[in-house]
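Asks: sequence below, structure please.
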Amino acid sequence: MTIQSANLILKSTAGVLRLTLLSALVLVAPILAVANDSHEHAASARLVQIVRANTTQFINVNNAAGAGYAPAFGCVSGPDHGAMGIHYLNGSLIGDGQIEAKYPEALIYEPIGNKRRLVGVEYIVDAVSWLAAHDNNPPQLEGQDFQFVDAPNRFAIPSFFELHVWAWRDNPNGAFVDWNNDVTCEGQ
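Replies: Residues are numbered from 1 along each chain as shown. Next up is the predicted model:
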């Protein structure tokens, strides 16, 4: 065997190995992506399930008042698209400085004529109090980061952190996005 033949065989073998590795990467990448996505989906599904399990009684809006919830701000619609709905706030939960998955500070209803359809919840905590009590670390719940809303804001309240969970109405943009394109205020 000549040196030229040996070099040709090595180049061919290296080319085949590169092609094999590239093919393996192309085949494995989607599997890894799905595995990572399923982990994130599992975490989000867990919070959605916690919310559903603890708010079933509020499907009937008449049960909200007995638990300390009352409507506030009217129906909140998006600046460009979508809406949030009517927030039923529990003042004692908002003012307690705590975040507990079982006890959302707000229930969110979509108006349908004179009826209300439960679509999600919102966790809300005062930003100044939370940061002072938690070494300036913003809140998280079941791995979901809260959004910061500075003052002044459309609600005319001090700065706060909030997290929406669309547990009773799917949101095409994600279970924790503020505005839901499938919720509307037009049905009131």
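
Asks: how far away is the residue lying closest to residue 126 once chain neighbours are set aside from residue 128?
Replies: Closest residue to residue 126 apart from its sequence neighbours, by CB to CB, 6 or more residues apart in numbering: residue 160 at 5.6 Å. Every C-beta, even on glycine, is put in place using the N, C-alpha and C of the backbone. Here the distance between residue 160 and residue 128 works out to 9 Å (CB to CB, to the nearest Å).

Asks: for those two, indicate the residue with more neighbours.
Replies: residue 160 (22 against 11; other CB atoms under 10 Å).

Asks: what's across from that one in the sheet?
Replies: When bridges are called by DSSP bridges, residue 160 pairs up with residue 126, residue 149.

Asks: just give me the neighbour total for residue 65.
Replies: 11.

Asks: then it would be within a helix, right?
Replies: Yes - under DSSP: H, G, I helix; E, B strand; the rest coil, residue 65 sits within a helix.

Asks: residue ranges with poor pLDDT in this structure?
Replies: The chain contains residues with pLDDT under 70 at 1-44.

Asks: which SS state does the spatially most central residue of it fall under?
Replies: Nearest to the mean C-alpha position of the chain, by CA atoms, centre = their mean, lies residue 176 at 1.6 Å. Put simply, residue 176 is coil when judged by three-state DSSP.

Asks: ok, it - contacts?
Replies: By CB atoms under 8 Å, 6 or more residues apart in numbering, the residues touching residue 176 are 44, 144, 163, 164, 165, 166.

Asks: among these, which are located in strands?
Replies: 144, 163, 164, 165 (DSSP state E).

Asks: can you give me the strands in this protein?
Replies: 69-77, 83-90, 106-112, 115-126, 140-141, 144-145, 147-149, 160-165.
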